[in-house]
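Undergrad: Okay, predicted coordinates and the sequence, questions at the end:
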Amino acid sequence: MQENLYIYKILVTFATHFWIYIRIMKIKNQRLEAIRLIISSQQLGNQEELMTALQKEGFSLTQATLSRDLKQLKVAKASTLSGQYIYVLPNETMYKRVNKTSTLREMMQVPGFLSINFSGNMGVIKTRPGYASAIAWNIDRSDMPQILGTIAGDDTIFIVLKEGAVQQEVIEALGQVVPNMK
């Protein structure tokens, strides 16, 4: 009986610590995503400016945590044409700097899909920067009979349609997978 109680206590302790770890990692991932979006939409030259932008979005963190996050994201500083140094994301991340600044909440509410055009059995979907890969993944996983496959870049998806596929049917099928596609 004592042994069962001991095992139970160990399992409860483990489950509690595991739940706390998952919660912390979820918050960290949200914070890292916020840092990526803020850096890609604003010209920030120091950690204080970035910390202020994060606080406006509801994140509370120390300078040491921000420094570790920037290191993990491999954020660097680059010179602008005016000679200022601003934070930039590495090339392998799929975020392009945008000219119009928006709050993080506004960016998260806008869908990634922008447009679709066809030529014969080929289609090109335009997305917001960084969205093409995720949307193409969703299209490929949906097993649409009209689509043979996709190739995604940063903001463009190339789709190959099955011979004889009707474009309107493809658009309707994509509308089930791609948010806000009409």
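TA: Structure received. All of these numbers come straight from a predicted model, not from anything done at the bench. Numbers count the residues shown, from 1 in each chain.

Undergrad: okay, CA-based contacts and neighbour counts for the rest of this
TA: Will do.

Undergrad: State the helix or strand in which G58 lies.
TA: When elements are assigned from DSSP states H and E, G58 belongs to no helix and no strand.

Undergrad: Just give me the neighbour total for it.
TA: Residues within reach of G58, counting by other C-alpha atoms under 10 Å, total 10.

Undergrad: For the chain, which segments count as strands?
TA: Under the criterion DSSP state E, the chain contains strands at 76-79, 85-88, 113-119, 122-127, 147-152, 156-161.

Undergrad: Just checking: what are the partner strands of the fourth one?
TA: Just to be clear, that refers to strand 122-127. Within its sheet, strand 122-127 is paired with strand 113-119 (antiparallel), strand 156-161 (antiparallel), according to DSSP bridges.

Undergrad: my guess is D69 meets A34, correct?
TA: No. Counting by C-alpha atoms under 8 Å, D69 sits too far from A34 to count as a contact (11.0 Å).

Undergrad: more crowded one of the two?
TA: With other C-alpha under 10 Å as the criterion, D69 and A34 differ in neighbour count, and A34 comes out ahead with 20 against 17.

Undergrad: I'd like to know how far the more buried one sits from D154.
TA: Note on A34: its distance to D154, by C-alpha to C-alpha, to the nearest Å, is 18 Å.

Undergrad: before we move on, what about K77?
TA: From K77 to D154 the distance is 22 Å (C-alpha to C-alpha).

Undergrad: The two: which is more packed in?
TA: A side-by-side neighbour count of K77 and D154, using other C-alpha under 10 Å, places D154 first with 18 against 15.

Undergrad: Which pLDDT value belongs to the more buried one?
TA: pLDDT, the model's per-residue confidence, is 78 for D154.

Undergrad: you'd agree it is up against I135?
TA: No. In this structure, D154 sits apart from I135 without contact. The criterion is C-alpha under 8 Å, and the distance is 10.7 Å.

Undergrad: Flag the shaky bits of the protein, pLDDT-wise.
TA: Low-confidence segments of the chain, defined by pLDDT under 70, span residues 15, 17-26, 91-111, 179-182.

Undergrad: Can you give me the buried ones in the longest helix seen in the chain?
TA: The single longest helix within the chain, with elements called by DSSP state H, is helix 2-41. Of all the residues in helix 2-41, those buried under the rule 16 or more other C-alpha atoms under 10 Å are 31-32, 34-41.

Undergrad: any idea how far I125 is from G112?
TA: When distances are taken as C-alpha to C-alpha, G112 and I125 turn out to be 10 Å apart.
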